[in-house]
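J.: here is the input, now give the coordinates:
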Amino acid sequence: MPTQSSSTSLNRRKKYLLYIAQNYSYAILRPLQAAILARGDDVKWFVHGDEVNQSYFEEGEQRLGSVEEVIAYQPDAVFVPGNIVPDFIPGLKVQVFHGFNAGKVSDKRGHFNIRGFFDLYCTQGENTTLPFLQLAQRHQHFSIAETGWPAIDPLYNYTPVVNAKSTVLLCSTFSRNFTCAPHLFEQVKRLSETGRWNWLVQFHPKMDKAIVDQYKGIQNEHLTFVETDNVLPLLQKADVMVCDTSSVLIMFLLLGKPVVTFKTARPKDYLLDFDNPTELEQHIETALTHPEPLMTKIAEYKQQTHPYEDGKSAERVLAAVDERLAGLHKPAKRKPLNLLRRFKIRKQFNYWKL
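T.: As a prediction, the model looks like this:
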């Protein structure tokens with residue numbers, strides 16, 4: 001139990017920082033912002049890098065413009081949907097992830113890579129919690145709390161509708177080794193021109209511009225290319241997704257909807273995977289029939305990956321932070337010095353104060 005003095009200090013209005021380095025971070029962090037404001041606490045944003053489109057900020061969202069302002073703000077906790085966070089920013093460093101583990105890279109380099117920056121990892125479900133608990137036991141310098149992923153709190157807040165014409169959502173990662181976009185272009189173009197289904201196309205913000213321009217060039221009354229920082233409304237609207245190895249397919253599965261994948265890196269029994277572009281149409285047709293064996297596997301996957309459908313993962317994250325700030329679940333060791341990584345980050349920011 002915290003002491004009386006620490007308990008009193010934790011009852012004050014807390015300050016939180018939302019650290020953003022990619023456009024997709026807006027949608028990930030806004031549910032946390034809403035939960036913080038509902039508590040009556042204070043929250044501010046800090047942007048790092050040129051890849052963030054600051055026109056996406058909404059009215060009333062408060063930004064800090066420099067490292068000096070961030071340090072003066074003295075946040076209690078920093079929420080990061082990415083792999084790194086500067087050590088010189090004050091506060092508990094909380095990893096909330098930029099997506100689910102889609103298997104695009106090995107565990108040693110990807111989702112389960114421990115870089116030594118974070119105090120607390122907020123995991124999404126059993127298949128991320130168990131590996132991170134093992135990592136926490138090995139490294140002993142961070143703690144774990146299974147909270148669900150705040151980014152998809154709004155995912156369940158909608159009323160399903162039956163589309164007059166089935167809607168297909170095409171999503172693709174930018175990686176040349178995994179993207180389906182260039183391989184399926186001719187088939188998507190042909191199918192959209194038939195008018196059989198409505199198409200929505202949305203790509204990772206780092207997608208090759210030439211591919212983006214290709215798909216923009218085939219827009220018609222049945223195909224719309226969507227540029228957005230919030231993919232959730234698209235997931236809610238679509239009946240089936242066509243994808244590759246992008247983690248966005250996991251969010252679609254969590255709605256209990258079928259996903260057709262082209263040469264995914266890790267074929268699973270809850271996906272309809274194929275490797276010949278000419279088979280795209282028949283796989284979409286199969287997905288739209290909701291075959292019972294497939295839907296059973298999707299339900300099992302949902303339970304292992306993200307069992308929370310209450311839209312309250314942000315509140316669970318804040319509760320986990322409260323416990324760490326109160327001195328609970330403190331790791332046995334301090335974080336590693338990480339000197340080379342810290343130097344590289346300070347060089348990026350041109351910040352050398354100690």
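
J.: got the domain ranges for this protein?
T.: Annotated domains of the chain cover 4-154+311-349, 158-305 [automatic domain parsing].

J.: lowest-confidence stretch among the ones you listed?
T.: For the domains of the chain, mean pLDDT drops lowest on domain 4-154+311-349, to a mean of 91.

J.: show me where the stretch 151-300 of the chain has its helices.
T.: With DSSP state H, counting those that start in this stretch applied, the stretch 151-300 of the chain shows helices at 181-194, 209-216, 232-237, 248-253, 280-288, 292-305, listed in chain order.

J.: need those in JSON lines (columns: mean neighbour count and distance to Gln54).
T.: All C-beta spots, glycine's among them, are computed from the backbone N, C-alpha and C. Formatted as JSON lines, the helices of the stretch 151-300 of the chain follow (neighbours: other C-beta atoms under 10 Å; distance: least, C-beta to C-beta, whole Å):
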{"stretch": "helix 181-194", "mean neighbour count": "17", "distance to Gln54": "27"}
{"stretch": "helix 209-216", "mean neighbour count": "14", "distance to Gln54": "20"}
{"stretch": "helix 232-237", "mean neighbour count": "19", "distance to Gln54": "21"}
{"stretch": "helix 248-253", "mean neighbour count": "24", "distance to Gln54": "23"}
{"stretch": "helix 280-288", "mean neighbour count": "18", "distance to Gln54": "37"}
{"stretch": "helix 292-305", "mean neighbour count": "15", "distance to Gln54": "32"}
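
J.: mind putting these into CSV with distance to Phe225?
T.: Formatted as CSV, the helices of the stretch 151-300 of the chain follow (distance: least, C-beta to C-beta, whole Å):
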stretch, distance to Phe225
helix 181-194, 11
helix 209-216, 5
helix 232-237, 11
helix 248-253, 16
helix 280-288, 18
helix 292-305, 27
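
J.: among these, which is nearest Tyr56?
T.: helix 232-237 (14.4 Å; C-beta to C-beta).

J.: phi, psi of His204?
T.: phi -60, psi 140 (degrees, to the nearest 10).

J.: contact partners for Arg176?
T.: By C-beta atoms under 8 Å, 6 or more residues apart in numbering, the contact set of Arg176 is Asp208.

J.: to clarify, my last question referred to Ser192.
T.: By C-beta under 8 Å, 6+ apart, the contact list for Ser192 reads Trp199, Ile218, Asn220, His222, Leu223.

J.: ok, which stretches of the stretch 201-350 of the chain are strands?
T.: With DSSP state E, counting those that start in this stretch as the criterion, the stretch 201-350 of the chain has strands at 223-225, 240-243, 259-262, 272-274.

J.: relative to Gly116, which of those strands is closest?
T.: Per C-beta to C-beta, nearest to Gly116 of the strands of the stretch 201-350 of the chain: strand 240-243, 32.2 Å.

J.: quick one: list the elements packing against that closest one.
T.: Helices and strands touching strand 240-243, by 3 or more C-beta pairs under 8 Å, 6 or more residues apart in numbering; DSSP states H and E, are strand 167-172, helix 248-253, strand 259-262, helix 280-288.

J.: strands along the stretch 1-150 of the chain, start to end?
T.: 15-20, 42-47, 63-64, 77-80, 92-95, 120-123, 143-146.

J.: neighbouring strands for the fourth one, and are they parallel or not?
T.: So that's strand 77-80. Partners of strand 77-80 in the sheet, by DSSP bridges, are strand 15-20 (parallel), strand 92-95 (parallel).

J.: pick the most deeply packed of those.
T.: Ranked by mean neighbour count, those are led by strand 15-20 with a mean of 24 (mean count of other C-beta atoms under 10 Å).

J.: residues in contact with that one?
T.: Under C-beta under 8 Å, 6+ apart, the answer for strand 15-20 is 25-26, 29, 32-33, 36, 41-48, 52, 64, 70, 73-82, 85, 89, 91.

J.: filter these down to the buried ones, ChimeraX style.
T.: To isolate the buried subset of these in ChimeraX, counting by 16 or more other C-beta atoms under 10 Å, use the following:
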select :25,26,29,32,33,36,42,43,44,45,46,47,48,52,64,70,73,75,76,77,78,79,80,81,82,85,89,91
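
J.: how about CSV for the strands paired with strand 77-80, with distance to Leu254 added?
T.: Formatted as CSV, the strands paired with strand 77-80 follow (distance: least, C-beta to C-beta, whole Å):
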stretch, distance to Leu254
strand 15-20, 23
strand 92-95, 20
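
J.: tell me which of those lies nearest to Leu255.
T.: When the strands paired with strand 77-80 are ranked by proximity to Leu255 (C-beta to C-beta), strand 92-95 comes first, at 24.7 Å.

J.: returning to that earlier point: out of the helices of the stretch 151-300 of the chain, which comes closest to Gln134?
T.: It's helix 292-305; of the helices of the stretch 151-300 of the chain, that one is closest to Gln134 (C-beta to C-beta) at 16.1 Å.

J.: just to revisit the earlier point, among the strands paired with strand 77-80, which is nearest Asn157?
T.: If we rank the strands paired with strand 77-80 by C-beta to C-beta, the stretch that ends up nearest is strand 15-20, at 20.4 Å.
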